[in-house]
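>>> 3D, please:
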Amino acid sequence: MTYASSATALLLAAGRGTRFDPEGLQNKLLARLPDGTPVACAAAHALLTTLAHVTAVVRPGDEALAHALNETGCDVVFAAQAARGMGASLAAGVRATRDADGWIVALADMPWVAPATIEAIARRLDGGASIVAPIHGGRRGHPVGFGAMHGEALSLLDGDVGARALLATHDVTSIDVDDAGILADIDTHADLHRQRPS
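Numbers count the residues shown, from 1 in each chain. Here you go, the predicted structure:
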């Protein structure tokens, strides 16, 4: 760990991934990348290079994913209302880490985010920025950092819109990054086998 941030990472891993497997038989977050690493664990590894505290939010009953993320080094929180959407999962993670100095919210189906991008977000957040988001090719991606002042608002989120309202109504510090991984997620089986985006 080259830079130790005081922020806590929240790895949102409670989605159903219905586009990946409409039958619901395979959890895409446990599907393996070409190097053998499960998707969610690769996303967690990137966070753990910069952030000492990474809390993964999973849906109730997803014991296999919870175990894999715990083995990777994450604390795990089960979001009782995960079926209500990403906002509910994010709120559960914030409530479980309410003493954090800030949060860097990442998505578990985005395994290619560069550690350097996470560090850049963390440094701005630790420096007092309210909300920090990476930009690549003119498009905003993930993860997104939120200062501690947003804790209450984040803890009250619900539904599937996540924190979009906060992003729309507060100053956002944008960081241009040379990292296409902030825009690349795993949606289909074919995505597992593509090269790391550059």
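>>> low-scoring stretches of the protein, by residue?
Low-confidence segments of the chain, defined by pLDDT under 70: 1-2, 16-25, 195-198.
>>> quick one: the strands in it?
Using DSSP state E, the strands of the chain run over residues 5-13, 51-58, 75-78, 102-107, 131-136, 139-140, 144-147, 173-176.
>>> quick one: contacts of the shortest one?
Counting contacts by CB atoms under 8 Å, 6 or more residues apart in numbering, the residues outside strand 139-140 that touch it are 133-134, 174, 183. Yep, even glycine has a C-beta here, placed from its N, CA and C like the rest.
>>> Max pairwise distance over these: which two?
For the contacts of strand 139-140, the maximum inter-member distance is 14.1 Å, found between Ser174 and Leu183 (CB to CB).
>>> Which one of the two is surrounded by more residues?
Shown here are Ser174 and Leu183; by other CB atoms under 10 Å, Leu183 has more neighbours (18 against 12).
>>> Nearest the middle, which residue of this structure would you pick?
Nearest residue to the geometric centre of the chain (CA atoms, centre = their mean): Ala106, 1.4 Å.
>>> Go ahead and confirm that one touches Ala40.
No: if you go by CB atoms under 8 Å, Ala106 and Ala40 don't touch, sitting 10.2 Å apart.
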